[in-house]
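Q: got a structure for you, letters missing:
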């Protein structure tokens with residue numbers, strides 16, 4: 001089984017979200033469900049990936065950065081988060097209470113440390129804070145993990 005983790009932006013515009021969703025599904029399709037997907041299940045790239053993994057019939061592993069992680073997600077995303085978390089074959093809970101940038105950074109590192117490949121829904125720009133997409137990509141590169149960047153040409157956040 002190939003273990004694939006996701007890192008990526010939240011708050012994608014609808015048109016970008018549709019293109020990213022299609023690209024993620026196209027990347028996963030050749031694996032024919034022979035994968036395990038790791039995701040923190042945040043809104044945006046994490047959820048697009050998690051849904052594609054589940055719909056492909058593959059196992060989903062959730063990484064929960066902190067005890068209060070869900071509280072930091074948009075309230076409208078809570079039902080989606082809860083449903084995906086319930087579908088997870090395995091849940092990795094990190095030892096943080098508050099959903100801080102440090103907890104998010106450690107969650108990203110955990111995924112990289114436990115994957116064969118990192119998918120990055122990334123515009124190529126610097127992280128907006130610790131634990132951002134660029135930080136996780138850099139960590140994966142330091143660990144010699146293959147990184148596949150998915151970002152539609154000309155797309156803006």
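A: Thanks, I have the structure now. Here the structure is a predicted model, which is why all the values come from computation and not from measurement.
Q: find the nearest non-adjacent residue to residue 72, please.
A: residue 99 (3.8 Å; Cβ to Cβ, 6 or more residues apart in numbering). (C-beta placed from N, C-alpha, C; glycine too.)
Q: and the longest helix seen in the chain, average pLDDT?
A: Counting residues, the longest helix in the chain under DSSP state H turns out to be helix 14-28. Average pLDDT, helix 14-28: 97.
Q: try stretch 34-54
A: The model assigns stretch 34-54 a mean pLDDT of 97.
Q: again with stretch 135-148
A: 98.
Q: just the buried residues of it, please?
A: By 16 or more other Cβ atoms under 10 Å, the buried positions in stretch 135-148 come out as 135-137, 139-140, 145, 147.
Q: quick check, nearest of those residues to residue 16?
A: Ranked by distance to residue 16 (Cβ to Cβ), the buried residues of stretch 135-148 are led by residue 137 at 18.1 Å.
Q: what's the nearest residue to the closest one if we skip its chain neighbours?
A: Spatial nearest neighbour of residue 137, chain neighbours left out: residue 120 (5.0 Å); criterion: Cβ to Cβ, 6+ apart.
Q: do the same with residue 77
A: Closest residue in space to residue 77, ignoring its immediate chain neighbours: residue 43 at 4.3 Å, by Cβ to Cβ, 6+ apart.
Q: compute the distance between the one you found and residue 139, please.
A: 22 Å (Cβ to Cβ, to the nearest Å).
Q: same check on residue 51?
A: Applying Cβ to Cβ, the value for residue 51 to residue 139 is 25 Å.
Q: how about residues contacting the helix or strand where residue 52 lies?
A: Using DSSP states H and E, residue 52 maps to helix 45-55. Outside helix 45-55, the residues that touch it by Cβ atoms under 8 Å, 6 or more residues apart in numbering are 6-10, 12, 17, 20-21, 24-25, 28, 35, 37, 39-41, 59-60, 62, 77, 80-81, 84, 87, 119, 121.
Q: now, of these, which are buried?
A: In terms of neighbour count (16+ other Cβ under 10 Å), the buried residues within those are 6-10, 12, 17, 20-21, 24-25, 28, 35, 37, 39-41, 59-60, 62, 77, 80-81, 84, 119, 121.
Q: strands of the protein, residue ranges please.
A: Counting by DSSP state E, one finds strands in the chain at the ranges 2-8, 35-39, 59-64, 90-93, 117-121, 147-150.
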